[in-house]
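Novice: Turn this into a structure:
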Amino acid sequence: LTSWRDDAASMRFFTIFLFICFTQLSWSSTKPNVILVMADDQGWGQTGYYNHPVLKTPHLDAMAKAGLRFDRFYAGGPVCSPTRATVLTGRTHDRTGVFDHGYALRSQEKTLAAAMQKTGYASGHFGKWHLGAHRDYGPKKQGFEEFFGIRDGFIDNYNHYFLHGTGFHDLYEGTKPVKAPGKYFPELMTERALDFIHESKDKPFFLYFPLNIPHYPEQAPEKFAEPFKDMKDPARKSYATIMYATDHYIG
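Specialist: The predicted structure is shown next:
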């Protein structure tokens, strides 16, 4: 427990949440709505339902209690992009060719979104892609009808610039740059996801919601820091705050 803030960085587990939402009260529905949520760089034990002594994740705790947990899901690789490719294709990274950060998902790979689209599902991706930032690749090339989010690794959540080197703008609607200075990216992607749900009410939908938090730079609105105001360690306080925000946007 003394190293709880660092287990995401050292072990690179990903936390994935899958919600099967039946639009009718009967289990006879043949096409349930599906929401696939991925948290970015969250350690496997960093939730309340794993009895973490500090972190607050009330929404995830409630979902874990009411749903089915798979406690032995392991990432195929120790970094971000290989896991994302595996989740979307069902294939290991040695087959997808996505071996490291930022590798593009090859155009011939068949994604879950493409498969579901063929059966009548609306498909939307709102959040972090990180499987090829070039315009020749991307969600709308591989099964998603709608995409709003970041194409590369990680950004400043308020100015939406990539954080390595001199940086570059990375917020898109499809392949069109979006300018929204000062607006918090997790809030923006959540609003778009909710709009997609409402717009898709007359047909089954597949919603992929890959958050870019709690990954660095651990920026969270001040309101999420209130439960941890007396915490002395600034690093732990920062992570506890961003994890609380992550739980909020999933909720």
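Novice: and the residue nearest the centre of the chain, what pLDDT?
Specialist: The centre of the chain sits closest to residue 210, judged by CA atoms, centre = their mean, with a distance of 1.8 Å. In the prediction, the pLDDT value recorded for residue 210 is 97.
Novice: In this structure it contacts residue 128, no?
Specialist: Yes: the criterion here is CB atoms under 8 Å, and residue 210 meets it with residue 128 at 4.8 Å. Just so you know, the C-beta spots here come from the backbone N, C-alpha and C atoms, and that holds for glycine as well.
Novice: which residues are in contact with both of these two?
Specialist: 40, 149 (CB atoms under 8 Å, 6 or more residues apart in numbering).
Novice: so what strands line up beside the helix or strand containing the residue nearest to the centre of the chain?
Specialist: In the assignment (DSSP states H and E), residue 210 maps to strand 205-214. Taking DSSP bridges as the criterion, strand 205-214 forms sheet pairs with strand 33-40 (parallel), strand 122-128 (parallel).
Novice: Quick check: next helix or strand after that strand?
Specialist: Counting by DSSP H and E, the element after strand 205-214 in chain order, helix or strand, is helix 234-250.
Novice: Packing partners of that next one?
Specialist: The contact analysis (3 or more CB pairs under 8 Å, 6 or more residues apart in numbering; DSSP states H and E) places helix 234-250 against strand 33-40, helix 58-66, helix 185-199, strand 205-214.
Novice: change it to 10 Å
Specialist: strand 15-21, strand 33-40, helix 58-66, helix 185-199, strand 205-214 (3 or more CB pairs under 10 Å, 6 or more residues apart in numbering; DSSP states H and E).
Novice: Any chance of CSV for these, columns distance to residue 173?
Specialist: Shown next, in CSV, are these (distance: least, CB to CB, whole Å):
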stretch, distance to residue 173
strand 15-21, 25
strand 33-40, 20
helix 58-66, 27
helix 185-199, 9
strand 205-214, 16
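Novice: closest one to residue 227 among these?
Specialist: Closest approach to residue 227 among those (CB to CB): helix 58-66, 10.6 Å.
Novice: which residues touch that closest one?
Specialist: Contact partners of helix 58-66, identified using CB atoms under 10 Å, 6 or more residues apart in numbering, comprise 15, 17, 19, 37, 39, 42, 46-50, 57, 69, 243-244, 246-251.
Novice: angle of that helix against helix 234-250?
Specialist: Calculated by axes from the mean of the first three to the mean of the last three CA atoms, to 10 degrees, helix 58-66 forms an angle of 60 degrees with helix 234-250.
Novice: per-residue confidence averaged over helix 58-66?
Specialist: pLDDT averaged over helix 58-66 gives 96.
Novice: Which SSE is immediately downstream of it?
Specialist: Heading C-terminal from helix 58-66, the first helix or strand you meet, by DSSP H and E, is helix 80-89.
Novice: just how off-centre is that next one within its chain?
Specialist: The chain centroid and the centroid of helix 80-89 are separated by 12 Å, computed with CA atoms, centre = their mean, to the nearest Å.
Novice: same for it, what does it pack against?
Specialist: Counting contacts by 3+ CB pairs under 10 Å, 6+ apart, helix 80-89 is packed against strand 15-21, strand 33-40, helix 93-96, helix 112-118, strand 122-128, strand 205-214.
Novice: can you tell me which of the ones you listed the model trusts least?
Specialist: With a mean of 66, strand 15-21 has the lowest mean pLDDT of the helices and strands packed on helix 80-89.
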